[in-house]
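Enquirer: Predicted structure and sequence below. I'll ask about it afterward.
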Amino acid sequence: MISILAQERVLGAALGTAFTGFIVFQQRKDIYDTVAKSQPKPPKSQKELTAALVGLIPRILSFMSVADVSSAETGGVTDVLDGR
């Protein structure tokens, strides 16, 4: 028969392992949830994708016109990218 001290040690090791496993599982779950929330969600339909792209066109055109004016005045697009 196993002594009381040995039984307590075995029980402590089993409970410690189960507790540690639970904590690790919860931490991993929280990390995966955080990463999933930070990822941008893809558009659900072609209509949403088209709307998103149409919204970007004026921004692209305005950037291109600023880059063209800046390159004509200073000789390079890098001034626009640097914020000068």
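Expert: On my side now, so go ahead.

Enquirer: what stretches of this protein score poorly on pLDDT?
Expert: Across the chain, residues meeting the criterion (pLDDT under 70) sit at 43, 66-84.

Enquirer: tell me the centre residue of it?
Expert: Against the mean C-alpha coordinate of the chain, by CA atoms, centre = their mean, the closest residue is Ser38 at 4.0 Å.

Enquirer: got a list of what that residue touches?
Expert: If you count contacts by CB atoms under 8 Å, 6 or more residues apart in numbering, Ser38 has none. Quick note: C-beta positions are derived from backbone N, CA and C, even for glycine.

Enquirer: Give me the distance between it and Ile31.
Expert: 11 Å (CB to CB, to the nearest Å).

Enquirer: Which parts of this protein are helices?
Expert: Counting by DSSP state H, the chain has helices at residues 4-38, 46-74, 78-82.
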